[in-house]
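>>> just a sequence and a predicted model for now, questions to come.
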Amino acid sequence: MIPAADGTRHPEKPIAIYYEHPDWFRPLFQQLDERDVPWRKVHAREHCYDVAATANEYSLLFNRMSPSAWQRGLGHMIFYTLNYLAHLEAKGLRVVNGHRCFAHEISKAQQLTNLEKLGLPYPKAIVINHPSQALAAAQAIGYPIVIKPNIGGSGAGIERFSSPAALRAAVHENRLYFGIDSTALVQEAFTARDGVITRVEVLGGKFLYAIKIHITGDSFNLCPADICQNTKGEELTRIACPVDAPKTGMTVEGYNPPQKIIDEVERIMALGNVEVGGLEYVLDDRTGRQFYYDVNALSNFVADPVRIVGFNPYSRLADFLIAEAVQHEARTSTTKASAISVTAPFSSAPFSSTKVSA
């Protein structure tokens with residue numbers, strides 16, 4: 001460990017940020033640079049690894065692979081990443097949002113299974129593997145319904161159907177898209193009461209902040225980094241998304257959720273092993289029921305966070321990664337020292353205790 005100028009500890013080896021999207025993580029990169037911590041960009045598209053090699057190049061790897069990479073021609077990287085994360089963990093490297101987390105991230109079906117296991121509310125859903133199953137599943141759930149690719153990202157591929165006729169036409173015209181794993185959810189549709197979706201973010205699996213997103217119409221892309229205004233109509237500075245991102249008309253405000261919600265969110269994230277991420281829930285206007293409906297392990301923090309939630313979450317994220325990297329190096333050093341002390345007696349000079357004088 002290396003002492004920094006301010007007296008804090010820095011890891012000796014670089015922190016790796018494993019990512020695919022070119023714009024989303026610039027605020028984190030900036031925070032790491034400001035702390036003068038050793039770190040390295042690891043772009044998924046350019047990556048390969050030797051299975052036999054040790055994973056001692058980094059102090060820690062932070063997985064920022066996006067399930068929406070298939071929209072940018074990199075869907076194959078999703079499955080490659082699963083293998084790479086499993087490899088790193090098998091070699092003993094500390095991975096934030098590792099293999100189990102990423103497997104949870106790329107399966108909406110698994111997310112709902114976890115909600116069912118925890119006994120928490122979610123929209124009714126049936127998981128299907130072929131468009132021919134969609135009509136029967138929708139009939140069992142009741143209209144309106146949405147059909148979601150199991151591996152989504154930013155609302156990609158989600159369609160809403162209000163009648164059997166509309167869904168039947170989509171099936172017959174082969175318009176349904178099930179995504180890169182050919183699996184989809186036929187799910188109960190909801191209408192957000194007062195047009196409000198609530199998003200809760202966690203860091204280290206613990207509550208970080210929450211926001212209310214005021215949507216316009218049926219909106220499935222709720223990336224908070226894309227939102228351009230707060231509820232006062234003030235323009236927000238967006239630095240974690242492309243400058244030409246479309247203006248959605250959505251607005252955002254900070255929010256303090258009930259402790260019950262915080263506790264439930266932390267339970268959900270713990271079961272999915274999501275250390276850094278966001279979760280969305282809604283109050284359905286038609287039924288009055290609250291639903292948890294989406295878990296995001298690749299979380300882009302809200303635009304202009306200091307104005308919206310009162311602090312910079314990227315700063316806290318950088319500090320978290322540094323602390324985790326330092327702790328992992330310390331544990332690794334302790335383990336190595338223990339191994340050396342155990343084997344030391346067997347490496348001593350064999351006659352040192354039985355020397356015979358002349």
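Great, that's in hand.
>>> any weak-confidence spans in the chain?
The chain contains residues with pLDDT under 70 at 1-8, 153-156, 217-248, 335-358.
>>> just give me the residue closest to the centre of it.
Among the residues of the chain, the one closest to the centroid is Ala297, at 1.2 Å (CA atoms, centre = their mean).
>>> for Leu85, see how far away the closest residue to that one other than its chain neighbours is.
In space, and not counting its chain neighbours, Ala297 is closest to Glu105: 3.8 Å by CB to CB, 6 or more residues apart in numbering. Every residue, glycine included, has its C-beta placed from N, CA and C. Note on Glu105: its distance to Leu85, by CB to CB, to the nearest Å, is 11 Å.
>>> which one of these two is surrounded by more residues?
In this view Glu105 and Leu85 are compared by other CB atoms under 10 Å, and Glu105 has more residues nearby, 27 against 23.
>>> list the contacts for that one?
When contacts are counted by CB atoms under 8 Å, 6 or more residues apart in numbering, Glu105 is found next to Pro67, Asn97, Gly272, Val274, Gly277, Val295, Asn296, Ala297, Leu298.
>>> same check, this time on Arg40
For Arg40, the contacting residues are Pro14, Ile15, Ala16, Ile17, Tyr58, taking CB under 8 Å, 6+ apart as the criterion.
>>> partners of whichever strand or helix holds it in the sheet?
Applying DSSP states H and E as the criterion places Arg40 in strand 39-43. Using DSSP bridges, the strands paired with strand 39-43 are strand 15-19 (parallel).
>>> what does the partner strand contact?
Defining contact as CB under 8 Å, 6+ apart, one finds that strand 15-19 is touched by 25, 28-29, 32, 37-44, 47, 57-65, 81, 84, 321-322, 325.
>>> tell me which helix or strand comes right after it.
Using DSSP H and E, the helix or strand that directly follows strand 15-19 along the chain is helix 26-34.
>>> how far out from the middle of the chain is that following helix?
On the basis of CA atoms, centre = their mean, to the nearest Å, the separation between the geometric centre of helix 26-34 and that of its chain is 19 Å.
>>> helices of the chain, residue ranges please.
With DSSP state H, the ranges of helices along the chain come out as 26-34, 76-90, 99-105, 108-118, 134-141, 164-172, 259-272, 305-309, 313-347.
>>> which among these is found nearest to Leu185?
Distances from Leu185 to each of the helices of the chain were compared by CB to CB, and the smallest falls on helix 108-118, at 5.5 Å.
>>> any buried residues in stretch 78-89, and which?
Along stretch 78-89, these residues count as buried under the neighbour rule (16 or more other CB atoms under 10 Å): Ile78, Tyr80, Thr81, Tyr84, Leu85, Ala86, His87, Leu88, Glu89.
>>> could I get those residues as CSV with distance to Glu159?
As requested, those are arranged in CSV below (distance: CB to CB, whole Å):
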residue, distance to Glu159
Ile78, 21
Tyr80, 28
Thr81, 27
Tyr84, 32
Leu85, 31
Ala86, 33
His87, 36
Leu88, 36
Glu89, 36
